[in-house]
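# structure, please.
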Amino acid sequence: MRVLVTGATGFTGGHLARTLAHRGYRVRALVRDPVKAASLRSAGIELAAGDLRDASSLERACADIAVVYHIAAIYREAGVGRDTYRAVNATAVRTVVEVAARSGVRRVVHCSTVGVHGDIERPPADEDAPLRPGDIYQVTKLEGEQLARAAGARTGIEVVIARPTGIYGPGDRRLLKLFRGVARRRFVVLGSGRIYYHLTYVDDLVEGFRLCGEVPGIGGRTYILAGGEVKTLNELVALIARESGVRPPRLRLPVWPFWIAGAACEAACVPLRIEPPLYRRRVDFFTKSRAFDITRARQELGYSPAVGLREGIRRTLEWYRAAGWL
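Numbers count the residues shown, from 1 in each chain. Prediction:
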């Protein structure tokens with residue numbers, strides 16, 4: 001099968017593209033700069049130069065493709081305006097689906113996020129839980145879902161939405177601060193630490209994406225893809241500490257002073273396109289529960305997370321050490 005992966009120069013998309021290529025798929029990656037994506041070519045991945053917002057380059061990339069895995073997105077970057085978030089995370093999703101339909105692609109798998117559900121009041125949440133995005137990233141990811149479904153209904157192409165939970169594994173930088181802070185005994189818990197945090201090991205997520213692209217009869221469906229275990233933040237930190245060979249952090253500090261400081265940092269830094277030293281969303285990490293039910297993915301996709309949380313943490317820490325990131 002010939003597939004197209006967007007976002008292949010990033011952590012998740014890169015794992016997906018390389019795994020599929022290793023398993024014998026004919027993989028093409030849409031990249032803005034083929035020179036900087038040379039490592040993908042060396043992994044047997046065909047490179048197509050282009051941009052999500054350029055329909056003509058998308059048309060070239062979609063030629064003779066059966067499934068498009070749309071992973072690319074703007075996550076959270078300082079100094080990025082709302083219009084840019086909306087252009088990439090929402091409007092471009094519609095363009096991808098429309099171009100794929102015109103090109104004869106069978107299915108588009110669009111990577112969204114469980115962040116569209118916001119804080120989970122009654123965990124675990126499933127795909128039908130209320131949608132309450134809390135920041136511009138989550139808002140535009142929800143808009144992207146809505147535009148993808150509408151474009152799919154209008155053009156007749158199959159669209160499947162995947163909502164991953166927090167992604168981790170070798171090469172990940174988003175949760176590096178958590179792992180590094182605990183391993184170096186510099187991590188401080190804000191609040192009680194009793195909120196839930198649900199992780200997805202990247203290899204399990206890649207398999208979930210593959211199933212979303214291949215299981216028949218699921219066009220129009222949405223699936224939460226997550227690990228098989230969910231822990232409180234305290235339990236997660238304790239696991240990381242145990243695998244790091246250190247004692248779990250004992251220091252607890254109140255949340256509200258840091259939330260106020262985060263708001264002040266954003267107000268001062270974001271207009272100047274300076275990376276704030278503290279965000280409110282970093283404080284939200286300690287206050288918002290994220291626990292999810294993957295029954296639908298298990299039953300309809302045959303999705304079955306294979307990497308336990310402790311094993312995933314061990315592998316990730318080993319990679320960080322070998323890379324010199326800890």
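# quick one: terminal-to-terminal distance for stretch 196-203?
End-to-end distance for stretch 196-203, by C-alpha to C-alpha, to the nearest Å: 22 Å.
# average pLDDT for it?
What stretch 196-203 shows for mean pLDDT is 96.
# ok, now stretch 158-172?
Here stretch 158-172 scores 97 as its mean pLDDT.
# and the contacts of the helix or strand harbouring residue 313?
Assigned by DSSP states H and E, residue 313 belongs to helix 309-323. Outside helix 309-323, the residues that touch it by C-beta atoms under 8 Å, 6 or more residues apart in numbering are 168-172, 176, 179-180, 183, 199, 201, 227-229, 231, 236, 239-240, 243-244, 307, 326. Every residue, glycine included, has its C-beta placed from N, CA and C.
# quick one, phi/psi of residue 166?
With angles defined as degrees, to the nearest 10, residue 166 sits at phi -60, psi 120.
# residue ranges in the stretch 1-150 of the chain under the pLDDT threshold?
For the stretch 1-150 of the chain, the stretches with pLDDT under 70 are 77-79.
# helices along that one, start to end?
Under the criterion DSSP state H, counting those that start in this stretch, the stretch 1-150 of the chain carries helices at the ranges 11-22, 38-42, 55-62, 82-86, 92-102, 136-155.
# what's the answer for the stretch 151-300 of the chain, then?
176-183, 202-214, 233-244, 256-269, 280-284, 295-296.
# could the helices of the stretch 1-150 of the chain go into CSV alongside mean neighbour count?
Formatted as CSV, these follow (neighbours: other C-beta atoms under 10 Å):
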stretch, mean neighbour count
helix 11-22, 22
helix 38-42, 14
helix 55-62, 18
helix 82-86, 15
helix 92-102, 23
helix 136-155, 20
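# for residue 209, find the nearest of the ones you listed.
Taking C-beta to C-beta, helix 11-22 is the member of the helices of the stretch 1-150 of the chain nearest to residue 209, at 5.7 Å.
# okay, the angle between that closest one and helix 202-214?
Angle between the axes of helix 11-22 and helix 202-214 is 70 degrees (criterion: axes from the mean of the first three to the mean of the last three C-alpha atoms, to 10 degrees).
# centre of the chain to helix 11-22, how far?
Helix 11-22 has its C-alpha centroid displaced from the chain centroid by 14 Å (C-alpha atoms, centre = their mean, to the nearest Å).
# show me the contact partners of it.
3, 5-8, 27, 29, 40, 43-45, 69, 71-72, 111, 164, 167, 169, 171-174, 202-203, 205-206, 209-210.
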